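S.K.: Quick one, what's the 3D model for this:
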Amino acid sequence: MMVNTNKNWRALTDKAIIREIGAYVKHYRLQQNKTQALIASQAGLNRWTISQLENGEAISLQSLIQILRALDLLHIFDVFKIEKQLSPLRMAKLEHQERKRARSTNIKRDIEDIW
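M.R.: Numbers count the residues shown, from 1 in each chain. Presented below is the predicted three-dimensional model:
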(Lines give C-alpha, C1' and ligand atoms only; values in the text may rest on other atoms or scores of the structure.)
Protein backbone atom coordinates (compact mmCIF):
# COMPACT_ATOMS: atom_id res chain seq x y z
CA MET A 1 0.00 0.00 0.00
CA MET A 2 1.36 3.41 -0.97
CA VAL A 3 1.19 6.07 1.70
CA ASN A 4 1.02 9.71 0.72
CA THR A 5 4.13 11.19 2.32
CA ASN A 6 3.66 14.71 0.98
CA LYS A 7 3.07 17.16 3.78
CA ASN A 8 1.57 20.58 3.48
CA TRP A 9 4.48 22.25 5.26
CA ARG A 10 2.89 25.69 4.91
CA ALA A 11 -0.12 24.55 6.92
CA LEU A 12 2.03 23.37 9.83
CA THR A 13 2.93 25.60 12.74
CA ASP A 14 6.58 26.14 13.59
CA LYS A 15 6.13 23.84 16.59
CA ALA A 16 4.64 21.12 14.36
CA ILE A 17 7.58 21.43 11.94
CA ILE A 18 10.01 21.05 14.84
CA ARG A 19 8.12 17.89 15.90
CA GLU A 20 8.42 16.54 12.34
CA ILE A 21 12.16 17.20 12.31
CA GLY A 22 12.51 15.49 15.68
CA ALA A 23 10.54 12.46 14.45
CA TYR A 24 12.74 12.34 11.32
CA VAL A 25 15.93 12.35 13.41
CA LYS A 26 14.57 9.74 15.80
CA HIS A 27 13.44 7.49 12.94
CA TYR A 28 16.86 7.51 11.27
CA ARG A 29 18.71 7.19 14.58
CA LEU A 30 16.73 4.07 15.45
CA GLN A 31 17.05 2.74 11.89
CA GLN A 32 20.84 2.98 12.32
CA ASN A 33 20.50 1.30 15.74
CA LYS A 34 22.26 4.17 17.51
CA THR A 35 21.52 5.47 20.98
CA GLN A 36 20.95 9.10 21.82
CA ALA A 37 24.15 8.96 23.85
CA LEU A 38 26.16 7.70 20.86
CA ILE A 39 24.79 10.38 18.52
CA ALA A 40 25.41 13.03 21.17
CA SER A 41 29.00 11.86 21.54
CA GLN A 42 29.59 11.80 17.78
CA ALA A 43 27.97 15.23 17.39
CA GLY A 44 29.85 16.79 20.29
CA LEU A 45 26.62 17.53 22.13
CA ASN A 46 24.98 16.31 25.29
CA ARG A 47 22.30 13.62 25.18
CA TRP A 48 19.72 16.09 26.47
CA THR A 49 19.95 18.04 23.19
CA ILE A 50 19.11 14.92 21.16
CA SER A 51 16.25 14.17 23.53
CA GLN A 52 14.92 17.71 23.24
CA LEU A 53 14.83 17.54 19.45
CA GLU A 54 13.23 14.09 19.36
CA ASN A 55 10.59 15.31 21.80
CA GLY A 56 9.65 18.22 19.53
CA GLU A 57 11.53 20.95 21.33
CA ALA A 58 13.55 23.59 19.50
CA ILE A 59 17.34 23.36 19.38
CA SER A 60 19.87 25.54 17.60
CA LEU A 61 20.48 25.17 13.88
CA GLN A 62 24.13 24.42 14.61
CA SER A 63 23.14 21.55 16.91
CA LEU A 64 20.78 20.19 14.25
CA ILE A 65 23.59 20.24 11.70
CA GLN A 66 25.88 18.40 14.12
CA ILE A 67 23.20 15.76 14.73
CA LEU A 68 22.52 15.29 11.03
CA ARG A 69 26.27 14.98 10.41
CA ALA A 70 26.52 12.26 13.08
CA LEU A 71 23.64 10.42 11.39
CA ASP A 72 25.19 10.91 7.92
CA LEU A 73 22.08 12.80 6.81
CA LEU A 74 23.58 16.06 5.57
CA HIS A 75 22.35 15.22 2.07
CA ILE A 76 18.95 16.62 3.07
CA PHE A 77 20.49 20.06 2.60
CA ASP A 78 20.81 19.38 -1.14
CA VAL A 79 17.50 21.23 -1.54
CA PHE A 80 19.36 24.43 -0.66
CA LYS A 81 21.76 24.12 -3.60
CA ILE A 82 21.48 27.07 -5.96
CA GLU A 83 22.04 26.14 -9.57
CA LYS A 84 22.90 28.84 -12.03
CA GLN A 85 20.49 28.83 -14.93
CA LEU A 86 20.95 30.46 -18.29
CA SER A 87 18.23 32.72 -19.57
CA PRO A 88 16.48 31.54 -22.74
CA LEU A 89 18.04 34.47 -24.63
CA ARG A 90 21.57 33.57 -23.50
CA MET A 91 20.93 29.90 -24.32
CA ALA A 92 19.81 30.85 -27.86
CA LYS A 93 22.94 32.99 -28.34
CA LEU A 94 25.18 30.12 -27.21
CA GLU A 95 23.44 27.68 -29.51
CA HIS A 96 23.85 30.13 -32.41
CA GLN A 97 27.57 30.45 -31.65
CA GLU A 98 28.16 26.70 -31.78
CA ARG A 99 30.44 25.62 -34.57
CA LYS A 100 28.64 24.19 -37.55
CA ARG A 101 31.69 22.52 -39.12
CA ALA A 102 35.39 22.02 -38.53
CA ARG A 103 37.95 24.44 -39.91
CA SER A 104 41.17 23.27 -41.48
CA THR A 105 44.36 24.11 -39.65
CA ASN A 106 46.29 24.52 -42.93
CA ILE A 107 45.33 28.04 -44.03
CA LYS A 108 47.80 28.11 -46.97
CA ARG A 109 46.31 24.91 -48.44
CA ASP A 110 42.81 26.29 -47.97
CA ILE A 111 43.71 29.46 -49.90
CA GLU A 112 45.28 27.38 -52.68
CA ASP A 113 42.14 25.26 -52.92
CA ILE A 114 40.06 28.41 -53.45
CA TRP A 115 42.27 29.62 -56.34
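
S.K.: Roughly how far does the residue nearest the centre of the chain sit from Arg19?
M.R.: Closest residue to the average C-alpha location of the chain: Asp78 at 0.5 Å, with CA atoms, centre = their mean. According to CB to CB, to the nearest Å, Asp78 and Arg19 sit 23 Å apart. Backbone N, C-alpha and C define where each C-beta goes, glycine included.

S.K.: does the residue nearest to the centre of the chain sit in a helix, a strand or a coil?
M.R.: At Asp78 the chain is in helix, as set by DSSP: H, G, I helix; E, B strand; the rest coil.

S.K.: Now name the helix or strand holding His27.
M.R.: In the assignment (DSSP states H and E), His27 maps to helix 14-31.

S.K.: Give the rounded mean pLDDT of that helix.
M.R.: Average pLDDT, helix 14-31: 97.

S.K.: what do you get for stretch 85-92?
M.R.: Rounded mean pLDDT across stretch 85-92 is 78.

S.K.: Count the residues that sit near Leu94.
M.R.: Using other CB atoms under 10 Å, the number of residues around Leu94 comes to 10.

S.K.: before we move on, what about Asp14?
M.R.: By the measure other CB under 10 Å, the count of residues near Asp14 is 8.

S.K.: roughly how far apart are it and Lys34?
M.R.: Distance of Asp14 to Lys34, computed by CB to CB: 27 Å.

S.K.: The residue nearest to the centre of the chain and Lys84: what is the separation?
M.R.: For Asp78, the distance to Lys84 - CB to CB - is 16 Å.
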